[in-house]
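Trainee: test case, fold it:
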Amino acid sequence: MDSGELIPSLALMTLLVVLALAVVGFVLFKRKRANRHPMDQRPDDTIAKVRVDDPR
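Mentor: Residues are numbered from 1 along each chain as shown. The predicted model follows:
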């Protein structure tokens, strides 16, 4: 393998490794309950609803 093939393959592998690490990090981050949005789901498995006052 000469340097003409080595540099593009190294760049591609670096990109794939960084992308894989980012995906794994994001999944681990979202698994933690404290990092979820509080309005996504309540403990009793119902979706939280927000009341909006009618401006009329």
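Trainee: any weak-confidence spans in this structure?
Mentor: 1, 38-51, 54-56 (pLDDT under 70).
Trainee: show me where it has helices.
Mentor: For the chain, the helices defined by DSSP state H occupy 3-31.
Trainee: how many residues are close by Ser9?
Mentor: The local packing of Ser9 (other Cβ atoms under 10 Å) involves 10 other residues. The way it works is simple: take the backbone N, C-alpha and C, and place the C-beta from them, glycine included.
Trainee: please tell me how far it sits from Ser3.
Mentor: Counting by Cβ to Cβ, to the nearest Å, the gap from Ser9 to Ser3 is 11 Å.
Trainee: then Leu12?
Mentor: From Leu12 across to Ser3, the span is 15 Å (Cβ to Cβ).
Trainee: who has more neighbours out of those two?
Mentor: Between Leu12 and Ser3, Leu12 has the larger neighbour count (other Cβ under 10 Å), namely 10 against 6.
Trainee: that one and Leu19, how far apart?
Mentor: 11 Å.
Trainee: what about Val24, how many residues nearby?
Mentor: Neighbours of Val24 (other Cβ under 10 Å): 10.
Trainee: if I look at it, how far off is Val17?
Mentor: Counting by Cβ to Cβ - Val24 and Val17 are separated by 11 Å.
Trainee: same check, this time on Asn35
Mentor: Relative to Val17, and taking Cβ to Cβ, Asn35 is found at 24 Å.
Trainee: pull out the buried residues from stretch 16-30.
Mentor: Using 16 or more other Cβ atoms under 10 Å as the test for burial, stretch 16-30 gives no buried residues.
Trainee: so what touches it?
Mentor: 35-36 (Cβ atoms under 8 Å, 6 or more residues apart in numbering).
Trainee: with that, I have no additional questions.
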